[in-house]
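J.: Pasting the sequence and the predicted model now:
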Amino acid sequence: NQLTAVFFIFFSLKDALVKTDANIASAKAKDLQTSIGAVKMDKLPIDVHTVWMKVLKDLKEDAEQISGTMEISNQRDHFMDLSKNMYELMKVAKTTGTVYYQFCPMANEGKGANWLSKESGIKNPYYGSQMLTCGKTVETIKQ
């Protein structure tokens, strides 16, 4: 599937943020840029292609911003938008098995933010070890 590598690297990036590792997060974001660039859009099913075209510019921009900084708080800020667009894509692509859409009410200056995880247990990428289990699963995407 065209998006398997994109999703796999996205989850690796999330794990780096959970560990508060800016170096690995930056490297994974660079890998994400490469995998996004390698997607052959003409091979995507039409419903996936439609969403891909809608989120592509933002996916590229957020991956570039995350890869271009070693400041973990900036990486986490861009990860919020990246997660929102990946959610849209994962909802239609159905390639990654069960995915958990999770929410932390404290992130984003108390406005809350979502992320995607392959694990049902909460491992918060916005706070890492400071508040590792802050959050809850708000949706399970069965694939």
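T.: Done, it's in.

J.: Any idea how many residues pack against Lys111?
T.: Neighbour count of Lys111, defined by other CB atoms under 10 Å: 9. Quick note: C-beta positions are derived from backbone N, CA and C, even for glycine.

J.: what does Thr4 give?
T.: Counted with other CB under 10 Å, Thr4 comes out at 12.

J.: Excluding covalently adjacent residues, which one is nearest to it?
T.: Nearest non-adjacent residue to Thr4, counting by CB to CB, 6 or more residues apart in numbering: Thr95, 5.6 Å away.

J.: With Leu56 instead?
T.: In space, and not counting its chain neighbours, Leu56 is closest to Ile36: 7.3 Å by CB to CB, 6+ apart.

J.: Which residues in the helix or strand hosting Ser83 does the neighbour count mark as buried?
T.: Element membership for Ser83 (DSSP states H and E) is helix 72-93. Of all the residues in helix 72-93, those buried under the rule 16 or more other CB atoms under 10 Å are 72, 75-87, 89-93.

J.: follow-up on the earlier one: the residue nearest to Leu56 in helix, strand or coil?
T.: The local conformation at Ile36, judged by DSSP: H, G, I helix; E, B strand; the rest coil, is helix.
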